[in-house]
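Trainee: Sequence and computational prediction follow.
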Amino acid sequence: MDTIAGTKSSLTWAVHISVVLLVALWLFPTVGLLVSSFRTADQISGSGWWKALVPTEQSLTLRTAAPSEQVQEGALFVIEGNLYTQEGVAPAPISAWGTNARDVAAYRPGDTAEMRGGERMTVMENGDYRLEADVEMAGRRGERVFVTATTPPEFTLDNYRYLLFSNSSEGMGKAFFNTLTVTIPATIIPIVVAAFAAYALAWMDFPGRALLIAFVVGLLVVPLQLALIPLLKLHLNIGIGKGYLGVWLAHTGFGLPLAVYLLRNYMVGLPRDIIENARVDGATEFQIFTKIILPLSFPALASFAIFQFLWTWNDLLVAKVFLIDATGKTTVMTNQIVELLGTRGGNWEILATAAFVSIAVPLAVFFAMQRYLVRGLLAGSVK
Amino acid sequence: MHPALLGLLTIVIGVGACLAYFYFSNMLLDRVLFPARGPNAGRNINRANMVRPWLFLFPALFALTLYLAYPVIETLRLSFTSRAQGGAFVGFDNYSRMMAEPKFWEAMRNNMLWLVVVPAASTAFGLLAAQLTDRIKWGNIAKSLIFMPMAISFVGAAVIWKLVYDARPEGSEQIGVLNAVYVWLSGEGPVQWLTIPFWNNFFLMIVLIWIQTGFAMVILSAALRGIPEETVEAAIVDGANPFQIFFRIKVPQIMSTIMVVWTTITLVVLKVFDIVFAMTNGQWQTQVLANYMYDKLFRANDWGVGSASAIVIMVLVTPILVWNVRNARREMR
């Protein structure tokens, strides 16, 4: 519309703002997970990830040492120490504290509070405290102290270290390699098989060709759910069982209709002259295919490769049915995440990191090869 | 052996075997069976050319038949048998047992809801995004960011959105953005979004809409580009406002593409399993057919009812199958 004089729309600004909003809305959830994967468990449960860059305030309930620790200094009975002795509580500078649950921020660091029993308590910023009393203190447990600590923004790679390199059963390292082992052949095999078939369907004459093309188009929509039981039974009967071979074959079968369809559509559009010239020059069909058709079809091959890669990498159902057996040795990343969702439902530092480990590769592929992906989509859907 | 090395070895064997088939079968045909020299060279070339298409097609046809065509028939057969009775034919028994289950009707109802909402919302958002990003300078960047969820697994997306829907106990700070906003705006306590019957379906659908909008946008934006400029210019000259141009001129011209996008997303919806499996596993009345089927097959170990529900999914896609094949045949002519 910009090209037409006098039509520079007053809506331009509205358009820009709406696009910004739309993009922000679409990015927001993913960014949240990414940010969370770099935070510690305490920080994640302490504040929303969108506050990751501002200092967080956390309220803690800590205790002084028990009265059995008290020492006599002249006329005074004194307990001294540091509040941060409790297991699992990271020391943080104290910004306010209190001795009563109803007013947890009554005092500043360094203030001295008079307590109900007549004791005097002083808490310093670093958690050091001094509790004085004129008479001997009684009781088994220490005094409760409510502190408000301000922790500066903090980012850590520990989550990634734990999930990628530790040897725990929750680790993603092994699952990562398993996923690769599934994905690479499950991407290459269907391409090879489909490329030969597409060439035959596009450029070779034989009876029943139109029927075969219709067959392929029909299979495009068959839901793979139908294939689960018959094929699992078949795999078990012929001895493949659950394993890599089975999952490759399954992914090959399920990816083929789209592959043959996309590649045939592309190859039909290649110039007839080249192929016929090569035939006249005495090239065999195999040579024509490998030396001429394959290089020329690179865009279509690449776009299908990306699809199939993303699909097999992200797959859960096929791996669950055809690959992962009772030992769980061959688990893939998607399955590992689902299991973590079950066992670690609230531990976002683990979940977020696991999810990001599995998302990273497809995202990298996506941003690097986006052009081919789009081209493939357009070739497949719009004429 | 190190898992990486083991993986590499398996990959080399798997891919190598596939390449070897094509290479050696062609060599066998050209050199041994019908060599293109000697007294029968001409006849041999013709014969080789008759055989070769099938050589090229064989692995693909074999895999397609075995992995997609045969299962349709076999699943249909299994849906009439009973595992408990050792595979005996039981007629429509599985179907009537399935229909008697409230969980099945819940899955059907939810699936219908998904089928109406997700394709419509994804296409609408996609169309909106395509139109908005069409004429602005940074449109391509915006497009790839909206398109990005396409690369994220359904399971990954489920984790991403579970964080959005997360709820902490009342009084503590909310770390799920939806509850943070809700508590701040309404002043009420946090809500466990995924456990509210009926409405939780929509919270699950949002995940798929979020993923599929990019797909719709890419295809529709190509279609919008393909609209001849003259029609738009003529409308401007006639004094149409931008909304009229969009709804009266552009949308009708790309209607066939909208249909394609719609049906493609419909197919995705019918197969959707991972999102429900990872987020609620069908609890709190969010069951869908694909997940119901998985439940029957691998938890209840009931292949009869499992197959019957798979056939229900097949029946639902059949109209699209017929439509696709008819379109393809029309193009071939």
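Mentor: Happy to help now that I have it.
Trainee: Could you report the pLDDT at A:T7?
Mentor: Per-residue confidence (pLDDT) for A:T7: 49.
Trainee: And for A:G380?
Mentor: Reported pLDDT for A:G380: 63.
Trainee: cool, the one 3 residues further on as well?
Mentor: We note a pLDDT of 40 for A:K383 in this prediction.
Trainee: Check A:P271 too.
Mentor: 86.
Trainee: for the chain, which spans come out with low pLDDT?
Mentor: Looking at chain A here, since you left the chain open. For chain A, the stretches with pLDDT under 70 are A:1-10, A:86-90, A:380-383.
Trainee: Sorry, I should have been clearer: chain B.
Mentor: Scanning chain B for pLDDT under 70 picks out B:1-4, B:36-37, B:333.
Trainee: what's the residue of the stretch 1-150 of chain B found nearest chain A sitting at in phi/psi?
Mentor: Relative to chain A, the nearest point of the stretch 1-150 of chain B is B:Y67 (2.4 Å; C-beta to the nearest C-beta). (Each C-beta comes from the backbone N, C-alpha and C, glycine too.) Dihedral pair for B:Y67: phi -90, psi -20, per degrees, to the nearest 10.
Trainee: Around the residue lying closest to it once chain neighbours are set aside, how many other residues sit close by?
Mentor: In space, B:Y67 comes closest to A:G253 once its chain neighbours are excluded; the distance is 2.4 Å by C-beta to C-beta, 6 or more residues apart in numbering or on different chains. Using other C-beta atoms under 10 Å in any protein chain shown, A:G253 has 27 neighbouring residues.
Trainee: For A:G253, give me its contacts.
Mentor: Residues near A:G253 by C-beta atoms under 8 Å, 6 or more residues apart in numbering or on different chains: A:A227, B:A63, B:L64, B:L66, B:Y67, B:L68.
Trainee: Can you give me the distance of the third one to A:Y261?
Mentor: Read that as B:L64. Remark: distance between B:L64 and A:Y261 (C-beta to C-beta, to the nearest Å) = 11 Å.
Trainee: and what of the last one?
Mentor: Distance from B:L68 to A:Y261, counting by C-beta to C-beta: 13 Å.
Trainee: Now do residue 225: how many residues are near it, please.
Mentor: If you meant another chain, say so; for now it's chain A. 26.
Trainee: oops, chain B please
Mentor: 10.
Trainee: for A:V221, same thing?
Mentor: Neighbours of A:V221 using other C-beta under 10 Å come to 23.
Trainee: do the same with the one 10 residues further on
Mentor: Other residues near A:L231 number 27, with proximity taken as other C-beta under 10 Å.
Trainee: Same check on A:L53?
Mentor: 9.
Trainee: which stretches of chain A form strands?
Mentor: Using DSSP state E, the strands of chain A run over A:56-63, A:71-73, A:76-82, A:94-98, A:112-114, A:120-123, A:128-133, A:144-151.
Trainee: Parallel or antiparallel, list what pairs with the fifth one.
Mentor: The sheet places strand A:112-114 alongside strand A:120-123 (antiparallel), with pairing taken from DSSP bridges.
Trainee: how about the strand it pairs with as CSV, C-alpha atoms only?
Mentor: Provided in CSV are the C-alpha atoms of strand A:120-123 (Å, rounded to 0.1, in the frame of the first residue of the first chain):
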residue,chain,number,x,y,z
ARG,A,120,18.1,-8.2,74.3
MET,A,121,18.8,-9.4,70.8
THR,A,122,21.1,-7.8,68.2
VAL,A,123,21.3,-9.0,64.6
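Trainee: gap between A:L27 and B:W210?
Mentor: For A:L27 relative to B:W210 (C-beta to C-beta), the value is 11 Å.
Trainee: which of the two has more neighbours?
Mentor: Using other C-beta under 10 Å, the more surrounded residue of A:L27 and B:W210 is B:W210, with 23 against 15.
Trainee: what about the more buried one, distance to A:G81?
Mentor: Noted for B:W210: a distance of 52 Å to A:G81, by C-beta to C-beta.
Trainee: what's the overlap in contacts for B:L64 and A:Y261?
Mentor: The contact sets of B:L64 and A:Y261 overlap at A:V216 (C-beta under 8 Å, 6+ apart).
Trainee: out of these two, which sits in the more crowded spot?
Mentor: Shown here are B:L64 and A:Y261; by other C-beta under 10 Å, B:L64 has more neighbours (26 against 23).
Trainee: what's the helix or strand for that one?
Mentor: Per DSSP states H and E, B:L64 falls inside helix B:41-64.
Trainee: Run through the neighbouring helices and strands of that helix.
Mentor: helix A:173-203, helix A:209-219, helix A:244-268, helix B:3-27 (3 or more C-beta pairs under 8 Å, 6 or more residues apart in numbering or on different chains; DSSP states H and E).
Trainee: quick one, what contacts A:S358?
Mentor: So A:S358 contacts A:M172, A:F176, A:T179, A:W313, A:M333, A:T334, A:Q336, A:I337, B:S153, B:V155, B:G156 (C-beta under 8 Å, 6+ apart).
Trainee: typed the wrong thing, it's B:E230
Mentor: With contact set as C-beta under 8 Å, 6+ apart, B:E230 has no partners.
Trainee: Those residues of the stretch 51-200 of chain A touching chain B, which are they?
Mentor: A:173-174, A:177-178, A:180-181, A:184-185, A:188-189, A:192-194, A:196-197, A:199-200 (C-beta under 8 Å from any C-beta of the partner chain).
Trainee: tell me the SS of the residue located most distally from the centre of chain B?
Mentor: For chain B, the residue at maximal distance from the C-alpha centroid (C-alpha atoms, centre = their mean) is B:P39, at 55.0 Å. The local conformation at B:P39, judged by DSSP: H, G, I helix; E, B strand; the rest coil, is coil.
Trainee: Now it. Its backbone dihedrals?
Mentor: The phi and psi values for B:P39, taken as degrees, to the nearest 10, are phi -60, psi -30.
Trainee: what about it, distance to B:I45?
Mentor: In this view, B:P39 and B:I45 are 13 Å apart by C-beta to C-beta.
Trainee: Next: B:T65.
Mentor: Using C-beta to C-beta, one gets 29 Å for the distance from B:T65 to B:I45.
Trainee: And for B:G38?
Mentor: From B:G38 to B:I45 the distance is 11 Å (C-beta to C-beta).
Trainee: For those two, indicate the residue with more neighbours.
Mentor: More crowded of B:G38 and B:I45, by other C-beta under 10 Å: B:I45, with 16 against 7.
Trainee: wait, isn't that one in contact with B:F34?
Mentor: Yes. Look at B:I45 against B:F34 with C-beta atoms under 8 Å: they come within range, at 7.2 Å.
Trainee: Helices along the stretch 101-250 of chain B, start to end?
Mentor: Here the stretch 101-250 of chain B has its helices, by DSSP state H, counting those that start in this stretch, at B:102-134, B:139-147, B:154-165, B:177-186, B:199-225, B:229-237, B:242-244.
Trainee: Check whether the last one comes into contact with chain A.
Mentor: In other words, helix B:242-244. Yes. Using C-beta under 8 Å from any C-beta, helix B:242-244 reaches chain A at B:P242.
Trainee: Deepest-packed of the strands of chain A, please.
Mentor: By mean neighbour count, with neighbours taken as mean count of other C-beta atoms under 10 Å in any protein chain shown, strand A:94-98 ranks first of those at a mean of 22.
Trainee: Stretch A:101-108: end-to-end distance?
Mentor: With C-alpha to C-alpha, to the nearest Å as the measure, stretch A:101-108 spans 16 Å from end to end.
Trainee: Which residue is the nearest non-sequential neighbour of B:A129?
Mentor: Spatial nearest neighbour of B:A129, excluding adjacent residues (C-beta to C-beta, 6+ apart): B:M217 at 4.4 Å.
Trainee: no, scratch that, I was asking about A:R209
Mentor: A:L201 (6.3 Å).
Trainee: how close does the one you found get to B:T65?
Mentor: Look at A:L201 and B:T65: by C-beta to C-beta, they are 15 Å apart.
Trainee: Comparing the two, which shows the higher neighbour count?
Mentor: Between A:L201 and B:T65, A:L201 has the larger neighbour count (other C-beta under 10 Å), namely 26 against 14.
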